[in-house]
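A.B. asks: Just need the structure, nothing else, for what follows:
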Amino acid sequence: MDTYSVDIVYQAISALFQGNNPKEQEKANKWLQEFQKSIYSWTIADELLHQKRDLHANYFAAQTMRNKIQNSFSELPPHTHESLRDSLITHIGQIDEQTDNVIVTQLSLAVADLALLMATWQEPISDLLKALSPHPAAIWPLLEVLKVLPEEIDSRFLRLGANRREQVHKQLDASADCVLEFLCMCVQREDLDQQRIWNASLRTYSAWLVIHAFPLSHICDNALSQLAFRLLSQPAETTGKLHDNASECVCALLSCMGSRSGNPDVESQVPRLFDAVCQLESAYHLSVAHEDTDKTINYCGIFTTLCDSFAFDILEQQHAMKGLDLVLLCVGHFDYEVAEITFHLWYKLSEDLFQRYDDKLTARFRPHIERLISALYRHAQMETDHDGLIEENNNFYDFRRKVSDLLKDVAFIVGSNACFKQMYIILQAPNTTWESTEAALFVMQNVAKNILPEENEVIPKVVEAILSMSDQTHIAVRYTSIMLIGELCEWIENHSNLLEAVLNFLLFALQQKNGLAPAAAIALTSICSACRQNMVCHISGLVEIARSLDSFQINNDVAIGLLKGISLILTKLPREQLQPALREIVSFQLQPLAQLLESGQSASQVEKGERNDPVYWIDRACAIIRHTNPDVPDSVEHPTVAILNDAWPLISRVLDKYQSDLRIMERTCRLLRYALRMVRKQAVLLVEPLIKQIVVLYALQHHSCFLYVGSILVDEFAKSNTCIAGLLEMLQAFIEPTFGLLQLENGLRNNPDTVDDFFRLASRYLDCCPLQLLQSSLITPIFQCALIACSLDHREANSSVMKFFINLLTWGRSSNHRHTECRPLVVELATQHGSALVMNLIQASVFQLHSYMLADVAEVLSELKHVVGTAQMEPFLAHALDALPKKNSGGYVTATQQQLEEFSTTVLR
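C.D. replies: This next block holds a predicted model:
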């Protein structure tokens, strides 16, 4: 198969789809992928579509044609565009009822993409309507083309550009009346498959509504809008698919109207639209009565979109509150999946009310939020016959997590105290079931953090009831009660007389083997964080908990959280008590790590997340070091210094033994990061051995975390003249393996972490010892590497490259008075490489980078202008803009001369 022909392609398609030999299928698949990249695939795919030998060949040909237009349109010379267009329209016209939907979609996308890319096709909509609408069999595929065309305008694969998108929108706006007339005609025809045409017409109408193509005066009273509402008002007679499309159509209509609120044409139609949606309430009830959940979900989506689209009206006009009543009707549905659809609306409403900070306005919505919370309380209830706890990662667990987030967002509208009391009344009711009790406690747990610590009416009674809870109480009630105690940590800090009882309660739960231990550990962590000073007298007990950590039924993440809490208490200890306690707790983690190293276990035998995983112990030690942060003057030895110096041989052995395991190296470097940050310049004894080791390991393994450790060393020690030479040698040692890695094929794209960490490291040198770096021979190759890396479309990596340029160029400003010797060095560098920098930045901005990255690019250009001056910046910019293509392969103008001049003026002013 070294040449391409129709018959050979057929053989490959047959081998792929109908063969029985997996190796031959894989071989055929690779060959076909290569074929699709070739220039010959245009004509062969076209021929395959004409011949229509079988379904697989037709599908492959349609997909190939669409992919070629989307990704390789520049391969075609302009004089072939019209023949391609005519051929595709012919293929569309030959579609019949037996044609597979996937083939129709692919061909429709091919035509739509061609219409968007081909500038010489002046009136694609009009041409398609004239060519295809007279033929009944072509109506369905024509509707599909009209649907996907507006959807493809913002396709990231086509990269049309703002000018072309504006042209296309004008084309579609000009054709909107014709399209609307055609769609209305389609739904009124009786000689076609009604269900198919109605579905296709409604989907096309929705797509055009989304881009706001239709005049506002036409979109409420036309046959399509009327059809959608009529179908929705008759749920029993409307099929599921048609109901879905009618719902999507009404939602698009509401969004279109809502986005243009304030327009007189909209204002006159909004009341009628509200009424039309409100009249669907009876249809909603019918869908509930027939237990047709899919249709119920559709109505819920419509009611929610109504409120979402006209949020301003809801906030400003009393009559619009009916929309919220409809949404709350859906929230009250027995299926929590229906209620969940509305959650984003409540988030938006709470955000709007919070931003407005208007007590009177907030009070208007209080009854609605009270009803919402009552409904969420009911939905959060577990099944009566449920034993044990809710399993993580099932649907109900995820739903309760979302309820938790929503409760925290909306609680301020009714007041956390009022919400807490509302749930307390439920707890006080006679014959309250365990699931009702648990749900009430769950709601309390999610608003407890916002209750004033001085509250003395309800919380003392709740806490007392929890502390005296029987062992026979349902395990889920006990679990949620413990979590509630943790959320009340600030209240407990203000009621320290209860602290002893709370600690005893949590310690008892921590020792249980029935699933309560994780909740107790989380609650204890919160108590430690909030009650630091009051917990100091309990430090011996906390040290014992740290010693016995692995006897509790908790995972390592929870254990790390508990160690964090204990470390926060250590910080409050007097110096003479802190160091021995800290050393002891750290030793609980390092001793097992040392045993792992001595056990002879190979790196390949590590079981991730288990006790024989070094990360298991490293992460614990890191949590302790990170959060034990006493206030120690620079003149006094930090209590962590001696512990770190003693631990270094063990850490060094870990680095050596597990050097090929990126995960272990990253976590070990993280431990070093926090240790170095904690003791700062007092870690001077570790600098030399640490640099020697990470330089060797980086050359061997290329783990970018070693670069990050290097940047920490620069940050802490580069201001000391005695260390600068050694740190520059470290940079020199890092450069060769870094550049070697990035110069490989796709080296930048495959190693974004290396790009990120290397230029962070370079920026640290510019921050801490700029003159020494600028005077060295290293700055030029680093700058040249950055020139290439500025086109990398990775958020963090690109940001680091831009930050490097900004930090470098800042030293060349005339306003730089801190290191004036740096200025001439930067000016020389910018003068020499400025043209290449501007060229690469402009090219990257147009062809590679995402729009959110362009602010950084603009800052680099601004800094460069300040360094070299406007007179020199102007030719740099002119050269870069001249290199941009003025037209693309489709023949449309990518950037006008006026736009280029405006851009240049903006940059230079």
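A.B. asks: For burial, what's the neighbour tally of N394?
C.D. replies: Residues near N394, counting by other CB atoms under 10 Å, number 9. No exception for glycine: its C-beta is placed from N, CA and C like everyone else's.
A.B. asks: how much space is there between it and Y479?
C.D. replies: 16 Å (CB to CB, to the nearest Å).
A.B. asks: try L849
C.D. replies: Counting by CB to CB, the gap from L849 to Y479 is 48 Å.
A.B. asks: What residues sit buried inside stretch 781-794?
C.D. replies: I782, F783, C785, A786, L787, I788, A789, C790, S791, L792, H794 (16 or more other CB atoms under 10 Å).
A.B. asks: what's downstream of the helix or strand where A246 lies, the next helix or strand?
C.D. replies: Assigned by DSSP states H and E, A246 belongs to helix 240-259. Sequence order places helix 264-278 as the next helix or strand after helix 240-259, per DSSP H and E.
A.B. asks: what packs against the helix or strand just after that following helix?
C.D. replies: Proceeding N to C from helix 264-278, the next assigned helix or strand is helix 281-289, under DSSP H and E. Contacts defined by 3 or more CB pairs under 8 Å, 6 or more residues apart in numbering; DSSP states H and E place helix 281-289 against helix 293-309, helix 322-331.
A.B. asks: would you list every one of the helices in the stretch 651-800 of the chain?
C.D. replies: 662-679, 684-701, 705-717, 721-742, 747-750, 752-768, 770-775, 779-789, 795-810 (DSSP state H, counting those that start in this stretch).
A.B. asks: Tell me which other helices or strands the helix holding A246 touches.
C.D. replies: Looks like helix 240-259 contacts helix 194-210, helix 223-232, helix 264-278, helix 293-309 (3+ CB pairs under 8 Å, 6+ apart).
A.B. asks: so how far is that helix off the chain centroid?
C.D. replies: The chain centre lies 27 Å from the centre of helix 240-259; the measure is CA atoms, centre = their mean, to the nearest Å.
A.B. asks: I'd like the mean pLDDT over it, please.
C.D. replies: What helix 240-259 shows for mean pLDDT is 93.
A.B. asks: Show me the contact partners of stretch 581-598.
C.D. replies: For stretch 581-598, contacts defined as CB atoms under 8 Å, 6 or more residues apart in numbering pick out 539, 543, 546-547, 549, 563, 566-567, 570, 573, 611-612, 614, 617-618, 620-621, 624-625, 628, 639-640, 642-643, 647, 650, 653-654, 657.
A.B. asks: how about 6 Å then?
C.D. replies: 543, 546-547, 570, 617, 620-621, 624, 628, 639, 643, 647, 650, 653 (CB atoms under 6 Å, 6 or more residues apart in numbering).
A.B. asks: Then stretch 768-781?
C.D. replies: Residues from elsewhere that reach stretch 768-781 (CB under 6 Å, 6+ apart): V714, A718, K719, I724, L731, Y765, W811, H819, E821, C822, L825.
A.B. asks: let's see 8 Å
C.D. replies: 714-715, 718-719, 724, 727-728, 731-732, 735, 739, 762, 765-766, 808, 811, 819, 821-822, 825-826, 829.
A.B. asks: ok, now stretch 375-395?
C.D. replies: Contact with stretch 375-395 is made by 328, 331-332, 336, 339, 396-397, 399-400, 403, 406-407, 423, 426, 433, 435-436, 438-440, 442-443, 475-476, 479, 515, as judged by CB under 8 Å, 6+ apart.
A.B. asks: Cool, thanks, talk later.
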